[in-house]
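Q: Build me a model:
(2 chains)
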Amino acid sequence: MPPTLRGCLFVIGLVWKNLRRPARPLVEISHGTWADLRKGAESLNPFDYFKYRYYEKWLGGISGYFIAKGYITEAELDALTAEYYNDPGKPLPQSGDPTIDERVVQYLIEGDSPKRDVGVRYDLAIGDPVTVKNVPSVEHTRLPGFLSNKTGVVETVYSGAYTYLCDTGADGIGAAAMPVHCVAFDPQELWPGNAEPNFILYADLYAAYLQPAAAAKAA
Amino acid sequence: MDDRFRYDADREARSAARVRALEALLIQKGIITGKTVDTVVDFFETKMGPFNGAKVVARAWGDPYFKGRLVEDTPKAIAELSLGEGMAGAEGEHMRAVANGPEVHNLIICTLCSCYPWPVLGQPPYWYKDPTFRSRAAREPRAVLAEFGGDVPAPVEIKVWDSSAQIRWFVVPQRPAGTDGFTESAMLRQDHGAG
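A: Numbering: from 1, shown residues only, chains lettered A, B, ... in the order given. Predicted structure coming up:
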C-alpha cells in the first residue's frame, strides 16, 4: 500500500491512541484515545465538519492533540509542512525504539475493551419501553442526537458493565461502568411523516442515556 | 466570501505535506519510529481485513449451525475458526453478527463517527464515514441501498443497527443462489460479500 494520505493519517491515529510514553519523554505523559479524536471532530464548526473530508478532520484532530499536549508546536509543524510541500520527495527520518512498534501491534492484537469486571444492577429488561434522556452533553457524547427524548423498546441487555474511553461529565458515561442496551426505535416516531416504511432502527445505548418510559411520562 | 467556504486548489498536496510533516516530527520526537506506519499498514494487509470476514461468511453459508452460533455469540463462533491473532482485538473486542434472510435485510451504520468491525472487515470504505451516508441511512435506508445498486423489495423488512456503544456490527449476507454443494473455498470466490 503506498503511503497515501489515508494510510498515514490512519496509522498516526492508531499510534497516538496507543501512546504510553515516548522513548525520550520531553513532556508529561498523556494518554490519547479515540475519544480525543472524536472530540476533535465533534468540536468543529458545522460548516467545517462538512467541508473537511474524514481524514482531513483526523489530521486536524491528531495534530491538534499533539500540539495541545506539548509534543510538537504548531510553528514547527507549519514549517516542516512547507518543506514537504515544496519537496514532496524529501525523505522521512528513519529511527526509533522498536518496542514502540511492538506496543502498537500489541494494541491491534489485544484491543482495548470497555468491559469491566464489576457488578451492576440491571434496571431494564428486554421488551421494556424506554425513553431516551436529553442529556446535557458538552465536549463529547455517545448519544446520537436524533434519539433524544424518543421512546423505544429494549431489544438486548448486554451482559456485563461497560465504561467509556473518557469521562463525559454531565453527559453521563465513562466515570463508572454501567449496562448497555440495544434499543429498537420506530422511525415513524423518530421522523413523523418523514421516514421510510417497513424498517426498524436499533441503537446501542449506555444506561445513563435511558429511563423507563413510564418514569419519563410521570416527570 | 468567508474563507471558510474557500477550497485550496492544491488541497490534496497541502494535506499530504502536512501528514508527512506530522509523521516526521513524531519520528524525530521518538513518539513513533520510522517503521511504525509500515508496521500498521502490514497488519491491515495481512492480519485484519475483509479476508477474515469472507471466511466467516463462507463457513456460515456452508454450515447453518455455525451460522446460528455466529448470530447467537459472535466472538465465540469466530474463535472456532482459528483465523489468527487479533480477531477479538482493536475495534473487534465485542462484535455482533446479524444475518440477512428472505424477509429481512440488515444495514450497519455509525451515525456518531465510523465504528466498524476491523478484524473481519478491515478499515471502513470512505462512504461509510461520510456524514451524508450516516444521516440518510438512519432515515431512508432503502433509498440509500438502492443508490448502491442493492434494491431491497418493499415487503422485506430493513433493520438498521447504529454502532453507538461497544458493539461492532457486521452482516452475514444471504447465500447466493446456485451454490449448493460448493466447497468453502469455492464459496470464498463468490462476489456476494457485500450485503
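
Q: Based on its surroundings, how many neighbours for the residue in chain A that chain B sits nearest to?
A: Nearest to chain B in chain A, going by Cβ to the nearest Cβ, is residue A:96, at a distance of 2.4 Å. Where C-beta positions appear, they are placed from N, C-alpha and C, glycine not excepted. Residue A:96 has 21 neighbours, counted by other Cβ atoms under 10 Å in any protein chain shown.

Q: now residue B:71
A: 15.

Q: hmm, back to that, how much space between the residue of chain A closest to chain B and residue B:121?
A: 30 Å (Cβ to Cβ, to the nearest Å).

Q: The top helix by length along chain B vs chain A: in contact?
A: What stands out as the longest helix in chain B, according to DSSP state H, is helix B:11-28. Yes: on the criterion Cβ under 8 Å from any Cβ of the partner chain, helix B:11-28 is in touch with chain A at B:12-28.

Q: What residues sit buried inside that helix?
A: B:14-28 (16 or more other Cβ atoms under 10 Å in any protein chain shown).

Q: Ok, stretch A:102-110 next?
A: Applying 16+ other Cβ under 10 Å to stretch A:102-110 flags A:103, A:104, A:105, A:107, A:108, A:109 as buried.

Q: which residues of chain B score low on pLDDT?
A: Applying pLDDT under 70 to chain B picks out residues B:1, B:191-195.

Q: and the residue of it nearest chain A?
A: residue B:33 (2.4 Å).

Q: OK, contacts around the nearest residue to that residue once chain neighbours are set aside?
A: Spatial nearest neighbour of residue B:33, chain neighbours left out: residue A:96 (2.4 Å); criterion: Cβ to Cβ, 6 or more residues apart in numbering or on different chains. By Cβ atoms under 8 Å, 6 or more residues apart in numbering or on different chains, residue A:96 lies in contact with A:23, B:27, B:30, B:32, B:33, B:34, B:35, B:36.

Q: so which of the residues you listed comes closest to residue B:102?
A: For those, the minimum distance to residue B:102 (Cβ to Cβ) is 46.9 Å, reached by residue B:36.

Q: List the contacts of the most centrally placed residue in chain B.
A: Geometric centre of chain B, nearest residue: residue B:121, 4.1 Å, by Cα atoms, centre = their mean. Residues near residue B:121 by Cβ under 8 Å, 6+ apart: B:49, B:50, B:52, B:53, B:170.

Q: If we use 10 Å, what do you get?
A: Contacts here follow Cβ atoms under 10 Å, 6 or more residues apart in numbering or on different chains; on that basis residue B:121 touches B:48-54, B:56, B:91-92, B:95, B:108, B:128, B:168, B:170-171, B:193.

Q: near chain A, which of those residues show up?
A: B:48, B:91, B:92, B:128 (Cβ under 10 Å from any Cβ of the partner chain).

Q: Got the phi and psi for the second one?
A: If I follow you right, that is residue B:91. Main-chain torsions, residue B:91, degrees, to the nearest 10: phi 60, psi 20.

Q: which residues does it contact?
A: A:14, A:34, A:108, A:111-112, B:48, B:115-119, B:121, B:123-124, B:163, B:168.

Q: ok, it to residue B:124 distance?
A: 10 Å.

Q: Which parts of chain B are strands?
A: Using DSSP state E, the strands found in chain B span residues B:95-99, B:104-109, B:157-162, B:168-172.

Q: same deal with chain A?
A: Using DSSP E, strands in chain A cover A:115-116, A:129-132, A:151-157, A:161-162, A:180-185, A:199-206, A:210-212.

Q: chain center to the first one, what's the gap?
A: How far strand A:115-116 lies from its chain's middle: 17 Å, per Cα atoms, centre = their mean, to the nearest Å.
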